[in-house]
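S.K.: Below is the sequence, then the predicted model.
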Amino acid sequence: MSRTVEDYARGVKEGSRAWIARAITLVESSRPDHRAMAQRLLVELAPLAGRARRVGVTGVPGVGKSTFVDTLGTLLTGRGHRVAVLAVDPSSTRTGGSILGDKTRMSRLAADPAAFIRPSPTSGTLGGVAKATREAMVVVEAAGYDVVLVETVGVGQSETAVADMVDTFLLLALARTGDQLQGIKKGVLELADVIAVNKADGPHEPDARRAARELAGALRLLRSERTVPVLTCSGLEGAGMEELWRQVVAHQEAMEVSGELSARRRAQQVGWTWALVTERLLAGLRGHPEVAAIAPEVERLVQTGELTPSLAADRILDAFGHRPA
Ligand SMILES: Nc1nc2c(ncn2[C@@H]2O[C@H](COP(=O)(O)OP(=O)(O)OP(=O)(O)O)[C@@H](O)[C@H]2O)c(=O)[nH]1
């Protein structure tokens, strides 16, 4: 018997883990009939979504994201929250396997009935992966998860994609000797709402504190318009985690008071709409038979220098039938 949108909606609303997982698989699917069902499901679930704290977590591989999310998530479920962990890992589309959101690396949370972990979708472009994660967020929120942690690793534009879907963007950093900003992309620093130097434990603690001070100083020069809290924490031992969550909540409460939170979410929805338009236009262009028919020859002519890239672009857009004025 085939599943109906009503089956999915009922299962998700009841908080059934199996139905939540199936619903996310549905929104990840690129099959046209699945896509149509997924959109109907999302319309059904949307009124129940939007009440969670949405937090992005980024940091270079090795910074300890899995351990951190495991500890933070466990702290929060211990306080009665229901925590969903999602991930955006565009590299998984190439390797076919997502490390982010891997349950075996979040052993406590994986066994926690108040938590739901979903690894990154592994098909499509960053745009496609981000779309699926955004829609998965609607599913988990409708199912009653009131904290959504979205993990990402700094590949390509993935941090921007995640910052565009959360309320608070948290950057995990490591204490390094010398230039503390080395290895952290400037663009990521600009996106961060809260920064924590992780692995501040044992013999590393003084280094981590020093790194946090230096980072805070550097940020004041970089971003004079608002102060970003720079803390230290240990995902492994738990030190600093409560204070870190307090700062995340403080960031969101300040935004709620100023009206910025709803403005941010509205702007994200509009930005998201245009991202979808771009994504679909590009997919339409690539799949267009006349474009496909001339593309190899146009590319050859560009390579031999017989056609300039600009004239080549005109030809491709002509074939698509959408040459801009
Ligand atoms: N001392 C210390 N080590 C940590 C801490 N958190 C993680 N580690 C260690 O750092 C290594 C990497 O940790 P993971 O949690 O797997 O994180 P990751 O490599 O960033 O992996 P991703 O989840 O892909 O980001 C492991 O050997 C952990 O034991 C911490 O707070 N303190």
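M.R.: Here it is on my side, so go on.

S.K.: Low-confidence bits of the stretch 51-200 of the chain, can you list those?
M.R.: Under the criterion pLDDT under 70, the flagged ranges of the stretch 51-200 of the chain are 93-101, 103, 155-156, 177-183.

S.K.: would you list every one of the strands in it?
M.R.: Assigned strands in the stretch 51-200 of the chain, in chain order: 53-58, 83-88, 115-117, 147-152, 168-173, 194-197 (criterion: DSSP state E, counting those that start in this stretch).

S.K.: Just give me how far the helix or strand in which V270 is found sits from the chain centre.
M.R.: V270 is located in helix 260-287, with elements delineated by DSSP states H and E. The chain centroid and the centroid of helix 260-287 are separated by 14 Å under Cα atoms, centre = their mean, to the nearest Å.

S.K.: what is the orientation angle of that helix with strand 168-173?
M.R.: 80 degrees (axes from the mean of the first three to the mean of the last three Cα atoms, to 10 degrees).

S.K.: now helix 260-287 against strand 53-58, angle please.
M.R.: With the same axes, to 10 degrees as the criterion, the two stretches helix 260-287 and strand 53-58 enclose an angle of 60 degrees.

S.K.: Which secondary structure elements does helix 260-287 sit against?
M.R.: Based on contacts counted as 3 or more Cβ pairs under 8 Å, 6 or more residues apart in numbering; DSSP states H and E, the elements that helix 260-287 packs against are helix 126-142, helix 241-258, helix 309-320. Where you see a C-beta, it was placed from the backbone N, CA and C, and this is true even at glycine.

S.K.: mind checking how far the longest one is from the chain centre?
M.R.: Averaging C-alpha positions (Cα atoms, centre = their mean) puts helix 241-258 19 Å from its chain's average.

S.K.: again, but for stretch 67-75
M.R.: 17 Å.

S.K.: And stretch 286-305, by the same measure?
M.R.: Relative to its chain's centre, stretch 286-305 lies at 34 Å (Cα atoms, centre = their mean).

S.K.: Let me have the helices and strands packed on helix 260-287 in JSON lines, adding distance to the ligand as columns.
M.R.: Formatted as JSON lines, the helices and strands packed on helix 260-287 follow (distance: least, Cβ to the nearest ligand atom, whole Å):
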{"stretch": "helix 126-142", "distance to the ligand": "16"}
{"stretch": "helix 241-258", "distance to the ligand": "10"}
{"stretch": "helix 309-320", "distance to the ligand": "38"}
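
S.K.: Tell me which of those sits most buried.
M.R.: Among the helices and strands packed on helix 260-287, helix 126-142 has the highest mean neighbour count (mean count of other Cβ atoms under 10 Å), at a mean of 23.

S.K.: now the angle from that helix to strand 83-88?
M.R.: 170 degrees.

S.K.: for R209, what are its contacts?
M.R.: The neighbours of R209, taking Cβ atoms under 8 Å, 6 or more residues apart in numbering as the test, are 197, 200, 232.

S.K.: same check, this time on V188
M.R.: Applying Cβ under 8 Å, 6+ apart, one finds that V188 lies in contact with 58, 154, 159, 171.

S.K.: of these, closest to Q269?
M.R.: When those are ranked by distance to Q269 (Cβ to Cβ), E159 comes first, at 19.6 Å.

S.K.: Could you check how far the closest one is from the ligand?
M.R.: Taking Cβ to the nearest ligand atom, to the nearest Å as the measure, E159 and the ligand are separated by 13 Å.

S.K.: rewinding a little: which among the contacts of R209 gets closest to A136?
M.R.: Minimum separation from A136 among the contacts of R209 (Cβ to Cβ) is found for V197, which lies at 29.8 Å.

S.K.: what is the closest one paired to in the beta sheet?
M.R.: Assessed by DSSP bridges, V197 has beta-bridge partners A173, T232.

S.K.: Could you list the contact residues of this structure toward the ligand?
M.R.: Within the chain, the positions near the ligand by Cβ under 6 Å from any ligand atom are 61-67, 99-100, 105, 198-199, 201, 234-236.
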